[in-house]
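Q: compute the structure for the input listed below.
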Amino acid sequence: MRKKLLLMFLLPICLFQHPAYAVQATTDLTLQVEGRAPVVQNDEARAREEAVKNALEKAIIQAAAKILSDKFEDEKFQAVKSIMIDKADRYIKNYRIISENRQHDEYTANVHVAVALAPVRDDLLQMDVLQGQKGKEGVSVSLSLKGMKKYSDFAHLKTFLQGRPKIVQSVYPCRLEWQQAHCDLVLAGEVQNLVAELEKSGKYSMKTLKKNQNVVEINLQVKEEAQ
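A: Next up, the predicted model:
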């Protein structure tokens, strides 16, 4: 029975990915970037790999610069570069090598890269490099929902959060586990505004609300009558 329920959860997740990110797809940034790497001890394969990696890192930084425009302190942006390039899998949707060449002891690769801007913006908000709406920094919230018995509980939570852009600035991809979901949010304004909306929905009961360092933790339970 447990295996059947797990399959019921996993199958809709696959189906859910495409429509859920339809809006995000329109905010992808497509770039053509040249990456370079030295050829060490005639290891051309390693140099090729490093050149492509260099191109992807440049694409991520260009995407971040596009979002920030001139609204950032150069020193602060420099400080987060190393953090962002270490999370390439999170930002790079896909890439294609257009051309590559070796000139003496240097390998170059021209790469066509698609960068997802939404997670780039989310992380810049989390790292306090990008200010939130109306000049105020966003509030980081870790939201957990337990007691889910069917996939529609998860879908409703996603729709609920995405339908309140004035309160929820950004939603990281929610993680679905056994009968529970976890979402990392960035809120505009007070956390109490989101709490009020959750209570108004009538579908959730508040278990705990506490601040842990720089993150507010909200733990919810699906109400039995809302199952």
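Q: which residue ranges of this structure form strands?
A: 28-38, 92-103, 106-116, 139-146, 168-171, 175-177, 180-187, 204-212, 215-222 (DSSP state E).
Q: to I85, which of the ones you listed lies closest?
A: strand 92-103 (10.6 Å; CB to CB). For glycine as for every other residue, the C-beta is placed from the backbone atoms N, C-alpha and C.
Q: report the contact partners of the residue nearest to V168 when sequence neighbours are not counted.
A: Of all residues not flanking V168 in the chain, L161 sits nearest, at 5.1 Å (CB to CB, 6 or more residues apart in numbering). L161 makes contacts with 168, 171, 183, 185, as judged by CB atoms under 8 Å, 6 or more residues apart in numbering.
Q: state the pLDDT value of L161.
A: Each residue has a pLDDT score; the one for L161 is 86.
Q: same question, the one 3 residues further on
A: Here, the pLDDT recorded for R164 equals 85.
Q: contacts only, for the residue nearest to it when sequence neighbours are not counted.
A: Leaving out its chain neighbours, the residue that sits closest to R164 by CB to CB, 6+ apart is E197, at 6.2 Å. When contacts are counted by CB under 8 Å, 6+ apart, E197 is found next to 160, 164, 167.
Q: against K66, how distant is E197?
A: E197 sits 32 Å away from K66, going by CB to CB, to the nearest Å.
Q: next one: H104
A: For H104 relative to K66 (CB to CB), the value is 34 Å.
Q: out of these two, which sits in the more crowded spot?
A: K66 (13 against 7; other CB atoms under 10 Å).
Q: number of nearby residues for A188?
A: So A188, with other CB under 10 Å, has 20 neighbours.
Q: that one contacts S170, doesn't it?
A: No: applying CB atoms under 8 Å, one finds A188 not in contact with S170, separated by 9.6 Å.
Q: which residue is nearest the centroid of the protein?
A: A centroid search over the chain (CA atoms, centre = their mean) returns P119, at 3.4 Å, as the residue closest to the centre.
Q: ok, for that residue, nearest residue in space, not its chain neighbours?
A: R90 (5.3 Å).
Q: check this protein for its longest helix and report it.
A: helix 44-68 (DSSP state H).
Q: who's in contact with that helix?
A: Residues contacting helix 44-68 (CB under 8 Å, 6+ apart): 29, 31, 33-40, 77, 81, 84-85, 88, 91-92, 95, 97, 100, 102, 106-111, 113, 115, 117, 120-121, 124, 129-130.
Q: are any of the residues you listed buried, and if so which?
A: Taking 16 or more other CB atoms under 10 Å as the criterion, what is buried in the contacts of helix 44-68 is 29, 31, 33, 35, 37, 39, 77, 84-85, 91-92, 95, 107-111, 113, 115, 117, 120-121, 124, 129-130.
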